[in-house]
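In: what's the 3D shape of this:
(one chain, ligands or ions: 1)
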Amino acid sequence: MSASGNRLLFRTRVKFCGLTRLGDVRLACELGADAIGFVFAHGSPRQLEPEEARAMRIALAPLVDAVALFMDNPADEVREVVRQVRPSLLQFHGSEDDAFCRSFGVPYLKAVAMGDETQATPATALPAQFPAAAGFLFDSHRRGGSGGSGHTFDWARLPAAMDKPFVLAGGITADNVFDAILAVQPWGVDVSSGIESAPGIKDGDKMRRFVEEVRRADCYSG
Ligand SMILES: O=C(O)c1ccccc1NCC(=O)[C@H](O)[C@H](O)COP(=O)(O)O
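Out: Numbering: from 1, shown residues only. Purely as a prediction, here's the structure:
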């Protein structure tokens, strides 16, 4: 799903993650975000209760996905979020296996920790390890660490091509997303702290600039 030579993808999907305020959700939809991520990982400064996320999910514009994000949460917590929030996609950042991730009957993305020197599973082997995954999200945190750090990783470590769509995350901002898209040609880009003024508090100008830069990259033909 990535193109190492010719450019095959013409619209990079944008996911804004870690929203905690209704106004930020509404603005994100107006700016053209494709997906909004709600964090349920324990200990995160962006962690929501299912009831809070449900109120924001109801405010989503049509054709915008709600993504529920977990990191080794117990199954009953995931089930409760699915029941209340009705996410269209789940995203797992911990040591969850394919059987766990698919057991909720909702398509899922598996986050891959790129913060360690060596990867637990080489990227090319991921589809076999997570056959039910809708795609993968490469993030900069270490195995067992939390995302949303604002740190990048070496994009050259990504495979030149993958059988499934992948999302690039970790330290992406309006200042580097243009280069990231041209270098990596991901299915989508995911940003949290790069559009924030404080953890969980999104900044409208940063969100707008981010989307503008993604559009600029998508239109670039040089
Ligand atoms: O956002 C969190 O606090 C978090 C906690 C635990 C696991 C994952 C978490 N976030 C995942 C993400 O939102 C992505 O990592 C994010 O888009 C990339 O973060 P950033 O580098 O801040 O853009």
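
In: which residues are there in the chain that come within reach of the ligand?
Out: Within the chain, the positions lying close to the ligand (CB under 6 Å from any ligand atom) are 17-18, 37, 39, 41, 44, 46, 69, 71, 93, 139, 146-150, 169-172, 190-194. (C-beta placed from N, C-alpha, C; glycine too.)

In: what's near enough to touch the spatially closest residue to residue 39 that is not a sequence neighbour?
Out: Distances taken as CB to CB, 6 or more residues apart in numbering place residue 46 nearest to residue 39, at 4.2 Å, with adjacent residues excluded. Neighbour list for residue 46: 17-20, 39, 148, 192, 199-200 [criterion: CB atoms under 8 Å, 6 or more residues apart in numbering].

In: Same question for residue 106.
Out: Residue 106 neighbours (CB under 8 Å, 6+ apart): 82, 87-90.

In: Next, it: secondary structure please.
Out: coil (DSSP: H, G, I helix; E, B strand; the rest coil).

In: How about the one 10 residues further on?
Out: In the three-state summary, residue 116 is assigned as coil, counting by three-state DSSP.

In: What distance do you get for the residue lying closest to it once chain neighbours are set aside to the ligand?
Out: Among residues not flanking residue 116 along the chain, residue 142 sits closest, at 5.2 Å (CB to CB, 6+ apart). From residue 142 across to the ligand, the span is 11 Å (CB to the nearest ligand atom, to the nearest Å).

In: What segments of this protein are helices?
Out: In the chain, the helices defined using DSSP state H lie at 22-31, 50-58, 75-85, 98-102, 126-129, 177-184, 204-219.

In: still on that earlier bit, buried members of the contacts of residue 106 into PyMOL, please.
Out: The buried subset of those, as determined by 16 or more other CB atoms under 10 Å, is captured in PyMOL by this line:
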select buried, resi 82+87+89+90
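
In: CSV please, covering the contacts of residue 106 and showing pLDDT.
Out: Formatted as CSV, the contacts of residue 106 follow (pLDDT from 0 to 100):
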residue, pLDDT
82, 98
87, 98
88, 98
89, 98
90, 98
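
In: What part of this structure, helix or strand, is modelled with the least confidence?
Out: Every helix and strand of the chain was ranked by mean pLDDT, DSSP states H and E. The lowest is helix 126-129, at a mean of 92.

In: how about the residue nearest to residue 73 when sequence neighbours are not counted, what does it touch?
Out: Spatially, and ignoring its direct neighbours in sequence, residue 73 is nearest to residue 40 (6.0 Å; CB to CB, 6+ apart). If you count contacts by CB under 8 Å, 6+ apart, residue 40 has them with 47-48, 50, 53, 68-70, 73, 77-78, 81.

In: Which of the residues you listed ranks first by neighbour count?
Out: Comparing the contacts of residue 40 by number of neighbours (other CB atoms under 10 Å), residue 69 comes first, having 30 neighbours.

In: how close does that one get to residue 197?
Out: Applying CB to CB, to the nearest Å, the value for residue 69 to residue 197 is 21 Å.

In: just residue 28 next, same as before
Out: Note on residue 28: its distance to residue 197, by CB to CB, is 15 Å.

In: residues contacting residue 158?
Out: 2, 123, 138, 166, 168, 184.

In: Please render these as CSV that adds neighbour count and pLDDT to the earlier fields.
Out: CSV is the format used below for those (neighbours: other CB atoms under 10 Å; pLDDT from 0 to 100):
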residue, neighbour count, pLDDT
2, 17, 43
123, 17, 76
138, 25, 95
166, 25, 95
168, 29, 96
184, 19, 93
